[in-house]
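# Next input, structure requested:
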Amino acid sequence: MPTITALIAHAPEPQVRALLARVFTEGGWRVTDDVDTLVVERGSRGKTLLFGAAAGEDFYLHQTLTLEPGEYEGAPTTAITYPTSSAVITRGGPYGADREMRVHDEYSQRIITALREAGIAVGHA
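Numbers count the residues shown, from 1 in each chain. You can find the predicted model right below:
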C-alpha cells in the first residue's frame, strides 16, 4: 500500500512545478512533465529486476506527483500529492519497500524545505 504525502503550497502551480522539478533533478532523478503530474524516476529497471534491493544506488524508483491548482482567499495555491509506488514489493521485496520509504521520506522533507526556502508557505493537506 502506498504512503502519500499531501501538501498545500501557497503559490501558483507553474512556480511550484518548476521548484519540484529542480529538487528532483538536483537529486539525480529523471523528470517527465505532464499536464497534471510530474513523473520522477531514477535507477535502472534491469538491475533492479536482476538484483532486487541489492542493486544499491541503481535501484529503480518511479513516483508520480500530482499537482492541482487552487485558490485560498483569492490567492493561488497548489495541492501536491506525492505517493510512493504500490508496486515496490515486486522490485526488491521488503528491502526494496524499505528503501523506497526512506527515499520518499527524504524527498518529502526536501520538497518542504525547498518551498520554504523559496518563501512559499506550505502545510500538510
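# Distance-wise, check Val122 relative to Thr78.
Plainly put, Val122 is 9 Å away from Thr78 if you go by CB to CB, to the nearest Å. Heads up, the C-betas are built off the backbone N, CA and C, glycines and all.
# Look at the two and report which has more neighbours.
Thr78 (24 against 21; other CB atoms under 10 Å).
# next one: phi and psi at Gly74?
The phi/psi pair for Gly74 (degrees, to the nearest 10) reads phi 80, psi 0.
# Run through the strands of this structure in chain order.
4-9, 30-33, 37-42, 61-72, 75-83, 122-124 (DSSP state E).
# I'd like these laid out as TSV, including distance to Thr48 and mean pLDDT.
Converted to TSV, the strands of the chain look like this (distance: least, CB to CB, whole Å; pLDDT from 0 to 100):
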stretch	distance to Thr48	mean pLDDT
strand 4-9	23	95
strand 30-33	15	96
strand 37-42	11	94
strand 61-72	9	95
strand 75-83	19	97
strand 122-124	31	96
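# could these go into JSON lines alongside distance to Ile112?
Conversion of the strands of the chain to JSON lines gives the following (distance: least, CB to CB, whole Å):
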{"stretch": "strand 4-9", "distance to Ile112": "7"}
{"stretch": "strand 30-33", "distance to Ile112": "18"}
{"stretch": "strand 37-42", "distance to Ile112": "16"}
{"stretch": "strand 61-72", "distance to Ile112": "13"}
{"stretch": "strand 75-83", "distance to Ile112": "10"}
{"stretch": "strand 122-124", "distance to Ile112": "6"}
